[in-house]
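1. Sequence plus predicted model, see below.
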Amino acid sequence: DYDLIIIGGGSGGLACSKEAAAFGKKVMVLDYVVPTPLGTSWGLGGTCVNVGCIPKKLMHQAALLGQALQDSRKYGWQYEEQVKHNWEIMVEAIQNYIGSLNWGYRVSLREKSVTYLNSYGEFIEPHKIKATNRKGQVTYHTAETFVLATGERPRYLGIPGDKEYCITSDDLFSLPYCPGKTLVVGASYVALECAGFLAGLGLDVTVMVRSILLRGFDQEMAEKIGAHMETHGVKFIRNLQIFIQVEQLEEGMPGRLKVTAKSTEGPEIFEEEYNTVLIAIGRDACTRNIGLETIGVKINEKNGKVPVNDEEQTNVPYVYAIGDILDGKLELTPVAIQAGKLLARRLYGGSSTKCDYINVPTTVFTPLEYGSCGFAEERAIEEYGKQNLEVYHSLFWPLEWTVPGRDNNTCYAKIICSKHDNNRVIGFHVLGPNAGEVTQGFAAAIKCGLTKELLDETIGIHPTCGEVFTTMDITKSSGQDITQRGC
Amino acid sequence: GKNEYDLLVIGGGSGGLACAKEAAQFGRKVAVLDYVEPSPQGTKWGLGGTCVNVGCIPKKLMHQAALLGSALKDAQHYGWNIAQPVHHTWPVMAQAVQNYVKSLNWGHRVQLQDKKVKYFNMKGSFSDPYTIRGLTKAGKETIVTAENIVIATGGRPKYPTHIAGALEYGITSDDLFWLKESPGKTLTPFVFNVSLECAGFLTGIGLDTTVMVRSIPLRGFDQQMASLVTEHMESYGTKFLKRCFPTKVEKLESKRLQVTWKNTDLGTEETDFFDTVMWAVGRAPDTETLNLEAVGVKTNSETGKIIVDASEATSVPHIYAVGDLTEGRPELTPTAIAAGKLLAQRLFGQSSELMDYDNVPTTVFTPLEYGCVGLSEEAAVQCYGLDNIEVYHAYYKPLEFTVAKRDATQCYMKMVCLREREQRILGLHFIGPNAGEVIQGFALGIKCGATYPQLKKTIGIHPTCAEEITKLHITKRSGLDATVTGC
């Protein structure tokens, strides 16, 4: 019946569907949210809009504003000493905004003549899916081409009490009551970002980390992020591996939970009471229950993700995949959107442009934000060899933090250059406010072949944080002190 | 030999200090003269020049104070409970800012000491091409000779002395940042960005502020962007008296000022009362007392600025000039610093690298900031012709504005490119929060010769404002609605 059926109405799926429809194709999008164990659900738009980037950044902003309130007194603003945060007001405002986005997407699909089904899709035979809606009604649809864009959902611990009493990021952003004293389990960016803003809103937060922070990211930067969070009141418990159980001591909004865990190092048992336990240990691809076996689409059994070629095509020629479910690709909204758009253009627009996954910039929105593009230092050393790299670095103090006397010698900038390639910048890292805004332009410059020389030739904008990159003189190899003193 | 110093720098500002410190790195004998002639109102300051004392630094800090005022309003939407009333007290802010500036003065003196640069707090004038006569405040004279002399005395605000009462009763930016008491109801008759920035933060901290403009605001900047900036300021609360110019300023018994002006539109004369009148009618190079005629250093007859070649050399051998007082150069701290450093490297470090003044990025720190790099749209049209350029543009809404219910009408960006072939980017303009941070990296991209296709290939960081630059696709030529919709 259709030229294209897309399973999953998230960042990738929607972008692909709208682009395909623009070429006059008959497109259907299926989107269905299986409620969380605690019953949370949401509308059209996928992870980013509902339980990812958008609410995360807004709550991060709420926390930053708390910091701004403190700073403002030093800048002459006067108001009553007691300032408290009201969780419900914040969640309502954020959910209202998300609701407007859900609505906006539905309107947008309608305007572009994309058929939208709020149904769970699964393959039953080649070129054919079965769609089941909330009421259990079933319809069948066929298409020439399919795109899998079902994204991921949070993983649980697999211990007694996890699904009954713990929440995940899927629940946090619409939680109707303040989470109170919270234990965050995990050291992913989701864990650290959530722990960060919860602490910024004034809550008692502990992060339980099994081994390292932000696996896959530059570890020097990861440790600095953790250190900053610690100086700002977030407690870290490291090297506790085995969770035994989560029990409910008292029901409520929030209730009281008792967490029991065992250390990997010794026989000590850890027991502590929290109002909320937030599990953020990773996400699993939604590929197991959509009938992929029926049509022969291979997935990576270890992680459930879908391997594709450089045109996002699976092993079954008429089935493509984009977004978080791709094996070996970055789990980012803009990547999914780009991949989805370009795929549609290749399928229907006669284009041959493939998605460029090299040097994709990212930002972790922890209290001290971290923006990066290109290689982490350890990866660069692995790939190029330490002797072939020059690493320039600098601490810096944002001007706005001077008056309130905040965090001197905490913000950090680092670039990794390839000596044998004209000192080309192959890794860019910045730890500081507005890291995303700073990093974006540098990512474009890296795409254009940025070298250290060009950096030195470029004039900085004064006074900003970004300008630090135009005047970086000290290398790691020199061993010189980068502590900042004055101007 | 005869000359005591290898290098004597007259003027301890951004350019002068950078040059002196760089020369000292090469083991040269260097001296710096710095002297601040008090303003007509009696204001003076320490070592560091305009930027540190009466420019970029205090300006951005007071801008931050105003931004924090907005943050306080936003915070309430994000759930922060702030008891009214909230008000701003000038003395707390002023003291904090002034203390920070003083710490920088101190830092500079320590730095000069560390680098063995001799510092004279004296006013210098030429006796001959190798000799400077220095005069302390007390009138004590010292003769200093040097092999090479760099003039970096910068500029000072002009007074419209043809207006009765202007000099006696008005202040300038030289005084504003050092006021101990609030300026109260303020009028700024202006031409340049400094006063728009000042009017902006004065409004932001709650003061009744009026800007008087005779013709066009932000001359020299892209005019479409300039209008958006002033439009925003109007909705922000700054009053504008357009196409008016002041004719006299009188002081009343109550200590208030009465300003009379001509409204060129209506042909009428109007009057009102203010606590402060801050002139911002331009800056004049500080060369009057240098005795340049005695040594033959040529200046531009119209502007009074010192004429230099591409190597910063004046018409007299061994005498150079950097910074705000050089003809045809941008009046920016980072360019002065870079020029000063490169000059020292050429004089003493066997370098031949000249300063590149092309594509210098800047930012105007108005309440809604404006950052730009490269050509304005008008300049591009003039240079290449309307048919040979393509302008991509977008109106966007920062995510943080949504919950805060802030008006994003003037949040806008545009990219001016060559139309043919590779579509090289000629200019980039951005209005929004953290404009300086957004533009810095893209300025690098432009230095790398970035093209529109390269920018499109760059994946965005989500959610940020900067990512919208990588998503620009609507051209002005198409006439289509340029509002960014949805996620």
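-> The structure has been received and is ready for your questions.

2. where's A:Leu117 relative to A:Asp31, distance?
-> The span separating A:Leu117 from A:Asp31 equals 8 Å under the rule CB to CB, to the nearest Å. Heads up, the C-betas are built off the backbone N, CA and C, glycines and all.

3. Just want to know which of these two has more residues nearby.
-> In terms of neighbours (other CB atoms under 10 Å in any protein chain shown), A:Asp31 is the more surrounded of A:Leu117 and A:Asp31; the figures are 26 against 19.

4. Pretty sure that one sits against A:Asn118.
-> Yes: counting by CB atoms under 8 Å, A:Asp31 does reach A:Asn118; the two are 6.3 Å apart.

5. who touches both of the two?
-> Shared contacts of A:Asp31 and A:Asn118 (CB atoms under 8 Å, 6 or more residues apart in numbering or on different chains): A:Leu44.

6. Let's see the pLDDT reported for residue 351.
-> You didn't say which chain, so I picked chain A. Here, the pLDDT recorded for A:Ser351 equals 93.

7. could you do chain B instead?
-> Confidence per residue is given as pLDDT, and for B:Ser351 that number is 92.

8. Identify the residue nearest it in space, chain neighbours excluded?
-> Taking CB to CB, 6 or more residues apart in numbering or on different chains as the measure, B:Ser351 lies nearest to B:Gln345, with 3.9 Å between them; neighbours along the chain are not counted.

9. Run through the chain and note the low-pLDDT ranges.
-> No chain in the question, so chain A it is. Residues of chain A meeting the criterion pLDDT under 70: A:241, A:485-487.

10. Actually, chain B is the one I wanted.
-> Low-confidence segments of chain B, defined by pLDDT under 70, span residues B:1-2, B:191, B:486-487.

11. all helices of the stretch 351-487 of chain A, in order?
-> Applying DSSP state H, counting those that start in this stretch to the stretch 351-487 of chain A gives helices spanning A:377-384, A:435-447, A:452-457.

12. Check the stretch 151-300 of chain B too.
-> B:166-169, B:173-176, B:193-204, B:223-236, B:292-295.

13. Also the stretch 351-487 of chain B?
-> Under DSSP H, counting those that start in this stretch, the stretch 351-487 of chain B gives helices at B:377-384, B:399-404, B:435-447, B:452-457, B:467-470.

14. by contact count, what packs against the strand or helix carrying the residue nearest to B:Ser351?
-> With secondary structure defined by DSSP states H and E, B:Gln345 is part of helix B:333-348. With contacts defined as 3 or more CB pairs under 8 Å, 6 or more residues apart in numbering or on different chains; DSSP states H and E, the packing partners of helix B:333-348 are strand B:5-10, helix B:14-25, strand B:141-151.

15. For A:Glu453, find the nearest of those.
-> helix B:14-25 (17.8 Å; CB to CB).

16. Just the CA atoms from that closest one would do, formatted as PDB, please.
-> The C-alpha atoms that make up helix B:14-25 are tabulated as PDB, following Å, rounded to 0.1, in the frame of the first residue of the first chain:
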ATOM      1  CA  SER B  14      46.100  45.400  25.500                       C
ATOM      2  CA  GLY B  15      48.400  46.100  22.600                       C
ATOM      3  CA  GLY B  16      51.200  47.700  24.500                       C
ATOM      4  CA  LEU B  17      51.500  45.100  27.300                       C
ATOM      5  CA  ALA B  18      51.300  42.200  24.800                       C
ATOM      6  CA  CYS B  19      54.100  43.600  22.800                       C
ATOM      7  CA  ALA B  20      56.200  44.400  25.800                       C
ATOM      8  CA  LYS B  21      55.800  40.900  27.400                       C
ATOM      9  CA  GLU B  22      56.500  39.200  24.100                       C
ATOM     10  CA  ALA B  23      59.700  41.200  23.500                       C
ATOM     11  CA  ALA B  24      60.900  40.400  27.000                       C
ATOM     12  CA  GLN B  25      60.500  36.700  26.200                       C
END
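
17. Right, I'll leave it there.
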